[in-house]
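Chemist: okay, sequence plus prediction incoming.
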Amino acid sequence: MPVLFSSMFAVQWMCVNLHPGFDSGGAMWFVDLTEHIHGPLGVLFPISMAADFLLNAQLSLAVLKVVNISGSFRVIRKSYKSYLQGLTVLGFILGFFMPKGVLIFMLSNLTFSTMQILLLKYLYHFLMSRLNPSADLLKAAAQHEAEGHLESALQVLREAIEKDPESSEPYIAMGAVQFKKKLCDEAVNQYELAISKATNDDVLVAVHLYAGFVLLSQEKRVEAIAHLRKITAFEEPVDLKSKSLYYQGLFLLASTLFNDGKKDEAAQYLRIAAKYDPSMNIYLQECEETKDIEPGR
């Protein structure tokens, strides 16, 4: 913004001071760039400039959706969006009071920026399609799942696995869809395949949690605990979403151990989880108060 405004005011100064060539360097109805706009055709420039600025802002903000934004960053993004929309209105109004040279500078600058953003977005999707061949299929499967078309989602995910069999993402997505269809054994199989393909600790934490949850829904407590215990071998993730899943896994493990009468071990994991989420202290207190009571009494 400082560079843009500095450049705009520099051109404004050149127009006001009749810089050589500005009085005859334009084209069509904008020959004299030192004049202000007039007539119906002149209105096209403020309108075009405001529309281009708004398009530029929308494209820029759309890029931010690539990243998972939450908390204060979401508020900042929303405030920035309002700020840019306010600038659009302000720019449209000021456009009627600016010399023609400034309008041409702004319109060409914004048009170049818009083309640059579109090119970068194209390059991003092109590179992602090479690095992650199943990305588009995963999006299509997620859309089918959101619309309740689970069979269609599974079909698309099978194609994604055929296209990129070494990626863990299609297996995770298929496990989620199969769990929705109450195909728990198949869901666990998919999660175990995802574990064998995953190379990222955050992904492994999430998949062990998902597998443990599905196994608990089948009352397969021993297998569930085996998966949930593996979460404890990882360090606390940095990513906020992964960190939340990490502590959810510890809490689920503690709850399962508590119900199995292993209250000392359950309290150990609850203490760790309570440091992240103080609301878990109530469960820790309950666990510690009943440690000496026999299971089932």
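Modeler: Received the coordinates, thanks. What you see is a predicted model; the values in this text were computed from it and never measured.

Chemist: please count neighbours and contacts with C-alpha atoms only from this point.
Modeler: OK.

Chemist: can you list the low-confidence ranges for the stretch 151-297 of the chain?
Modeler: Of all residues in the stretch 151-297 of the chain, those with pLDDT under 70 make up the ranges 291-297.

Chemist: how does it look with 50?
Modeler: Where the stretch 151-297 of the chain drops to pLDDT under 50, the residues are 294-297.

Chemist: per-residue pLDDT of residue 63, please?
Modeler: Looking at residue 63, its pLDDT reads 58.

Chemist: element containing residue 188, please.
Modeler: helix 184-197 (DSSP states H and E).

Chemist: show residues contacting that helix.
Modeler: Applying CA atoms under 8 Å, 6 or more residues apart in numbering, the set of residues contacting helix 184-197 from outside is 166-169, 171-172, 174-179, 204, 207-208, 210-211, 214-215, 218.

Chemist: if you set the cut-off to 10 Å instead, what comes out?
Modeler: 165-181, 198, 203-215, 217-218, 227 (CA atoms under 10 Å, 6 or more residues apart in numbering).

Chemist: which among the residues you listed count as buried?
Modeler: Using 16 or more other CA atoms under 10 Å as the burial test, the contacts of helix 184-197 include 167-179, 198, 203-215, 227 as buried.

Chemist: looking at those residues, which are in helices?
Modeler: 169-179, 203-215, 227 (DSSP state H).

Chemist: list the residues that contact residue 159.
Modeler: By CA under 10 Å, 6+ apart, the residues touching residue 159 are 134, 137, 138, 165, 170.

Chemist: so can I have TSV of those residues showing distance to residue 257?
Modeler: Formatted as TSV, those follow (distance: CA to CA, whole Å):
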residue	distance to residue 257
134	38
137	39
138	35
165	35
170	31
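
Chemist: which ones among those residues map onto helices?
Modeler: 137, 138, 170.

Chemist: what's near enough to touch the second one?
Modeler: By CA under 10 Å, 6+ apart, the contact set of residue 138 is 144, 153, 156, 157, 159, 160, 161, 169, 170, 173, 174.

Chemist: turn the residues you listed into CSV, columns for distance to residue 231.
Modeler: As requested, the contacts of residue 138 are exported to CSV (distance: CA to CA, whole Å):
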residue, distance to residue 231
144, 31
153, 29
156, 30
157, 26
159, 30
160, 27
161, 26
169, 19
170, 21
173, 20
174, 21
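
Chemist: and those, which is closest to residue 255?
Modeler: residue 173 (26.0 Å; CA to CA).

Chemist: rewinding a little: just the ones in helices among the contacts of residue 159 now: which is nearest residue 30?
Modeler: Distance to residue 30, by CA to CA, is smallest for residue 137 among those, at 49.6 Å.

Chemist: shaky segments in the stretch 1-150 of the chain?
Modeler: 66-68.

Chemist: how about a cut-off of 80?
Modeler: Counting by pLDDT under 80, the ranges of the stretch 1-150 of the chain that qualify are 1, 4-5, 8, 25-32, 36-42, 60-75, 77-78, 124-135.

Chemist: so what secondary structure elements neighbour the longest helix anywhere in the chain?
Modeler: Longest helix in the chain by number of residues (criterion: DSSP H): helix 100-131. Counting contacts by 3 or more CA pairs under 10 Å, 6 or more residues apart in numbering; DSSP states H and E, helix 100-131 packs against helix 2-16, helix 44-63, helix 135-146.

Chemist: okay, buried residues for the second one please.
Modeler: Of all the residues in helix 44-63, those buried under the rule 16+ other CA under 10 Å are 45-57, 60.

Chemist: and those residues as CSV, adding distance to residue 20?
Modeler: Output for those, formatted as CSV (distance: CA to CA, whole Å):
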residue, distance to residue 20
45, 23
46, 25
47, 28
48, 27
49, 25
50, 28
51, 31
52, 29
53, 29
54, 33
55, 33
56, 32
57, 34
60, 36
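
Chemist: quick check, nearest of these to residue 21?
Modeler: residue 45 (20.6 Å).

Chemist: what's the burial count for residue 11?
Modeler: Neighbour count for residue 11, taken as other CA atoms under 10 Å: 22.

Chemist: actually residue 280, not the one I typed
Modeler: Using other CA under 10 Å, residue 280 has 16 neighbouring residues.

Chemist: separation between the residue lying closest to it once chain neighbours are set aside and residue 256?
Modeler: Once flanking residues are discounted, residue 280 sits nearest to residue 274: 5.0 Å by CA to CA, 6 or more residues apart in numbering. For residue 274, the distance to residue 256 equals 16 Å [CA to CA, to the nearest Å].

Chemist: many thanks, we can stop here.
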